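Trainee: Structure, please.
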Amino acid sequence: MSVIAIEVAMRHVRADPDDELLVQSYLDAAEDAAMGFLNRRFYIDQVALDVARAGVAETMRQAKDANLAAIAAADLEQDHSLRCRLLEHARSALAEAYDQADAIAYGMVLNPSIQSACLLKLGHLFVNREEVVVAATANELPLASQHLLMPHRVRMGV
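Mentor: Below you'll find the model as predicted:
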């Protein structure tokens, strides 16, 4: 379920009512891409953010318990290379679970910049439904959506 109202998205791309399912799928993708770029989730209001944050500690405990069980199962493996791979899978799953928990813990309420960035991405997806443009000149705006998102990005790494 997207954070931005489908009615706003439909007006933004000037879509026909018959296109609502397509617009919804592109809106979901645009929001997902924005959250991935930001390394954080965004929510419609503070109440939704607080509800999401309330479950972070329990999610992390479950991830840690699952990791301990995966390590115990890997330790039973006799083959050294398989055991190493199982341990790597366990480590990777724990890191992924912690990253998802962090994205919620660093979550924020949807603001105009993020909404605009998502709508720009939605418009691009809606208008350019194919990866290749044939017999036309296409000009891309210079990363407008990323410029709107950049001030809100966390944990960018090196």
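Trainee: buried stuff in stretch 2-11?
Mentor: Ser2, Val3, Ile4, Ala9, Met10 (16 or more other Cβ atoms under 10 Å). For every residue, glycine as well, the C-beta is placed using N, CA and C.
Trainee: for those, which one is nearest Ala101?
Mentor: Ala101 lies nearest to Val3 out of these, by Cβ to Cβ, at 19.1 Å.
Trainee: and the residue nearest to Asn39 when sequence neighbours are not counted, what are its phi and psi?
Mentor: Excluding the flanking residues, the one nearest Asn39 by Cβ to Cβ, 6 or more residues apart in numbering is Arg155, at 4.7 Å. With angles defined as degrees, to the nearest 10, Arg155 sits at phi 50, psi 60.
Trainee: so who does the residue nearest to Leu38 when sequence neighbours are not counted touch?
Mentor: Closest residue to Leu38 apart from its sequence neighbours, by Cβ to Cβ, 6+ apart: Arg153 at 5.2 Å. Arg153 makes contact with Phe37, Leu38, Asn39, Arg40 under the criterion Cβ atoms under 8 Å, 6 or more residues apart in numbering.
Trainee: Ramachandran coordinates for Arg153?
Mentor: Per degrees, to the nearest 10, the backbone of Arg153 is at phi -80, psi 140.
Trainee: Distance-wise, check it relative to Met108.
Mentor: Distance, Arg153 to Met108, by Cβ to Cβ, to the nearest Å: 11 Å.
Trainee: Overlap of the contact sets of the two?
Mentor: Arg40.
Trainee: tell me what the longest helix belonging to the chain is packed against?
Mentor: As assigned by DSSP state H, the longest helix anywhere in the chain is helix 80-105. With contacts taken as 3 or more Cβ pairs under 8 Å, 6 or more residues apart in numbering; DSSP states H and E, helix 80-105 sits against helix 46-54, helix 56-75.
Trainee: what angle separates it from helix 56-75?
Mentor: Here helix 80-105 runs at an angle of 180 degrees relative to helix 56-75 (axes from the mean of the first three to the mean of the last three Cα atoms, to 10 degrees).
Trainee: Give me the pLDDT for His12.
Mentor: pLDDT, His12: 98.
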